[in-house]
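# Give me the fold of what follows.
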Amino acid sequence: MLSTGQYAVITTPTIPMSKTPTHLTSQHTPDETTNNTPSSAETTEEATTDETVCPECGGEVLADKTHGERICETCGLVVDEDGIDRGPEWRAFSHQERQDRSRVGSPTTNLQHDKGLSTNISWQNKDARGQSLSSKQRAKMQRLRKWNERFRTQNSRQRAQKQANNEIQRMGSALGIPKDAQETAAMLYERASEAETVIGRSIEGVATACLYGAARMHGTPRPLDQLVPVSRVERLHIARCFTQLKQDLNLSFEPVNPKEYVPQIINDIPSTLPARAEKIARELSEAAFHSTVGSGKKPTVVAGAAIYAASLIIGKKITQREVADAADITAVSIRNLYQELIGLRDDHENKTDSSTSSTLTTQRSKPTETSKEPASKPTESNSSTNASQPNANTSSESLECPECGDSDFKNKRGRNIHISRVHGSEQIPTSEENTNTASNVNFDHELACPKCGRYDFEGKNGRNKHIGIMHGSEHIPDEN
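Modelled structure (predicted):
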């Protein structure tokens, strides 16, 4: 048994070499020996193949790190067990325990000019036991901190990179930009510094341009108007730095899709909108982005108009001023655009309805297999069916919309509602419709419609809505 501090010396016995006769030794040349011996790359490849292939069925072998086993995915054979756990030997159940028991440093990051590999001296004047240092020790630690900061940056480029990284972190935290986008911005600034883009330009301007481009790369764009207050640089200078950055680094950015601004604007609106409004707003923004409606307009304007149009569609009333303040635009821009977005949605729905109705018409007009049978003499039932067929065609023709030709309606009332809502024209019911609803006609009733005499409504609001939709006129106020 060895005590602490002692080492065991292991001696290996020497094995005498057997004296092989000369005439039994191999007569191969070095070249032949090299050719017959497999290379190290081939040996490694074979070993890797053996580890990932099941020796029983040839299936793929998966590693179960929880139980330390390697199991075949196909047949379930346990190829290897009692694997080595390369993780820590301790367990932690909270973040604080994980931080206390960890014996490694933080991962490398681009947000520090030295990738986070240097040493930092704490600003707290306390020792390892938490006791305060004496005045002599505090002065000594202050001198050490000063020289440590001087040694961390060895030239002017590293000092500029350090300042730019601090600016990127400050602006990113103020705007809520993710950490990965901030690291991308720091990497862009480092590349711009190597390409000498920073020469003749302010560090803050180039750092802001890098952050703006990185946010667009990661799908979380921020308009320049939001970057100006936190960057302390003029908007024109940021735009010029961004243009020069794209040229020097050969970067290409796609146009910003307005739907990416929708969640940001909705979060800034004081009124609460349901998730359905956000979904409709994203659909409208996407439709405007791929059409001529959104061409030449700022993405925030299109997103704000889409949000206001979505609120009107779902019946949730918000003011244009609320959306304009949240999107940092004017209410006039929303007022001039939201109607076009609603028109885009109506056109899309009309195309969908027309394609559906044409598909149904095609399916109905397809000949069935029974039509291939020889025609028989018409019986009385067939003749009666044929006699009633023209009336059905006449009724289907009478249900066609005169504007778009759509005929997929249950009755004429549905057709009239479609004409009034989609095409905005008046369609007064014909005498045939009044005849069909003769049982519900009574001009002397309290809720009677003055146009057609119908009175089966749920209150006066229902009657007024019927007059506006069916007859295209305003409701008549009560005598009282």
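
# Just give the nearest non-adjacent residue to residue 284, would you?
Sequence neighbours aside, residue 306 is the residue nearest to residue 284 in space, at 3.9 Å (criterion: Cβ to Cβ, 6 or more residues apart in numbering). (Each C-beta comes from the backbone N, C-alpha and C, glycine too.)

# Quick check: the gap between residue 413 and residue 446.
Plainly put, residue 413 is 22 Å away from residue 446 if you go by Cβ to Cβ, to the nearest Å.

# out of those two, which sits in the busier spot?
Counting neighbours by other Cβ atoms under 10 Å for residue 413 and for residue 446 shows that residue 413 has the greater number, 17 against 9.

# The helix or strand that contains residue 180: how far from the chain's middle?
Residue 180 is part of helix 179-194, with elements assigned from DSSP states H and E. In terms of Cα atoms, centre = their mean, to the nearest Å, the centre of helix 179-194 is set 22 Å apart from its chain centre.

# buried sites along the helix or strand just after that helix?
Moving toward the C-terminus from helix 179-194, the first helix or strand encountered (DSSP H and E) is helix 203-217. Within helix 203-217, the residues scored as buried using 16 or more other Cβ atoms under 10 Å are 203-217.

# Three-state assignment for residue 70, please.
strand (DSSP: H, G, I helix; E, B strand; the rest coil).

# Can you check what angle separates the helix holding residue 180 from helix 203-217?
130 degrees (axes from the mean of the first three to the mean of the last three Cα atoms, to 10 degrees).

# So which elements touch helix 179-194?
Judged by 3 or more Cβ pairs under 8 Å, 6 or more residues apart in numbering; DSSP states H and E, helix 179-194 is in contact with helix 156-175, helix 203-217, helix 235-249.

# what's near enough to touch residue 273?
By Cβ atoms under 8 Å, 6 or more residues apart in numbering, the contact list for residue 273 reads 266, 307, 310-311, 316, 318.

# still on that earlier bit, list the buried ones in the helix holding residue 180?
181-186, 188-190, 192-193.

# Quick check: pLDDT value at the residue nearest the centre of the chain.
When Cα atoms, centre = their mean is applied to the chain, the residue found nearest the centroid is residue 219 (7.3 Å). As predicted, residue 219 sits at a pLDDT of 87.

# Tally up the residues packed near the closest residue to it other than its chain neighbours, please.
Closest residue to residue 219 apart from its sequence neighbours, by Cβ to Cβ, 6+ apart: residue 260 at 6.3 Å. Per other Cβ under 10 Å, the neighbour tally for residue 260 reads 17.

# is it true that residue 234 touches residue 228?
Yes - with contact defined as Cβ atoms under 8 Å, residue 234 reaches residue 228; the gap is 7.2 Å.

# burial measure for residue 77, as a count.
For residue 77, using other Cβ under 10 Å, the count is 15.

# From residue 54, how far off is it?
In this view, residue 77 and residue 54 are 6 Å apart by Cβ to Cβ.

# now do residue 309
Taking Cβ to Cβ, one finds residue 309 at 59 Å from residue 54.

# quick one, which of these two is more surrounded?
Neighbour count, other Cβ under 10 Å: between residue 309 and residue 54, residue 309 has more, with 25 against 20.

# Quick check, the more buried one in contact with residue 338.
Yes - contact criterion Cβ under 8 Å: residue 309 and residue 338 qualify, at 4.3 Å.

# joint contacts of these two?
Counting by Cβ under 8 Å, 6+ apart, nothing touches both residue 309 and residue 338.

# rewinding a little: looking at residue 234 and residue 228, which one has more neighbours?
Legend: neighbour count by other Cβ under 10 Å for residue 234 and residue 228, higher for residue 228 (16 against 11).
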